[in-house]
Structure formats: structure tokens, C-alpha cells
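Asker: Take a look and give me a structure for this.
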Amino acid sequence: MFGLGTQELIIILVIALLIFGPKKLPELARSTGKAINEFRKASSGLLDEEEEKKEKKESKKEETALKSEKEESVEKIKVKEQ
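Answerer: Residues are numbered from 1 along each chain as shown. Down below sits the predicted model:
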């Protein structure tokens with residue numbers, strides 16, 4: 001994880017238990033988990049929005065390319081008719 005071993009984790013948990021107490025520690029862990037979960041949802045939502053914007057830009061580029069190809073083919077046909 002962050003280079004923390006079992007002993008370091010135990011020491012951190014004991015210190016947290018001493019600071020917050022046995023009644024407050026589960027509530028603190030629960031609220032921390034909820035906050036992390038909300039952060040993940042928000043960040044994934046932003047990533048999804050960015051992907052949608054990129055897809056829209058790509059589809060617009062494809063549409064303009066198709067339109068220009070159609071216009072070129074129409075011009076070729078007009079030239080052949082004359």
C-alpha cells in the first residue's frame with residue numbers, strides 16, 4: 001500500500017482508538033467510507049462527461065467529413081453532366 005507493515009497499521013489503529021474512543025471510531029470509519037465512495041462517484045461522473053464530449057466532437061467531425069464527401073461527389077456528377 002504505502003509501505004506500511006502490520007506493526008505500523010496496528011500502532012496507527014491503537015493511536016486512533018486512544019484519540020477517538022471505542023464509540024466514536026466506528027462512526028468515523030463509516031463516515032470516511034461514505035466520503036470516499038462519494039468522491040469516487042463524482043470523479044467517475046466527471047470522467048464519463050469528458051468521454052461523452054470527446055465522442056460528440058468525433059461524431060461531429062465524421063458528419064462534416066461525410067457532408068464534404070457528398071458535396072464532392074455531387075460536384076463530380078455535375079461536372080460529368082456538363
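Asker: what's the spacing between residue 5 and residue 11?
Answerer: Note on residue 5: its distance to residue 11, by Cβ to Cβ, to the nearest Å, is 10 Å. Any C-beta I mention is one placed from the backbone N, CA and C, and that applies to glycine too.
Asker: no wait, residue 28
Answerer: The value you get for residue 28 to residue 11, if Cβ to Cβ is used, is 17 Å.
Asker: hang on, the earlier thing: who's more crowded, residue 5 and residue 11?
Answerer: For the pair residue 5 and residue 11, the greater number of neighbours falls to residue 11 (12 against 9), based on other Cβ atoms under 10 Å.
Asker: Check which helix or strand that one maps to.
Answerer: helix 6-81 (DSSP states H and E).
Asker: And that helix, what does it pack against?
Answerer: Identification of packing neighbours for helix 6-81 by 3 or more Cβ pairs under 8 Å, 6 or more residues apart in numbering; DSSP states H and E yields no helix or strand.
Asker: if you average pLDDT over it, what comes out?
Answerer: For helix 6-81, the mean pLDDT works out to 82.
Asker: centre of the chain versus that helix, how much separation?
Answerer: Centroid separation for helix 6-81 versus its chain: 1 Å, with Cα atoms, centre = their mean, to the nearest Å.
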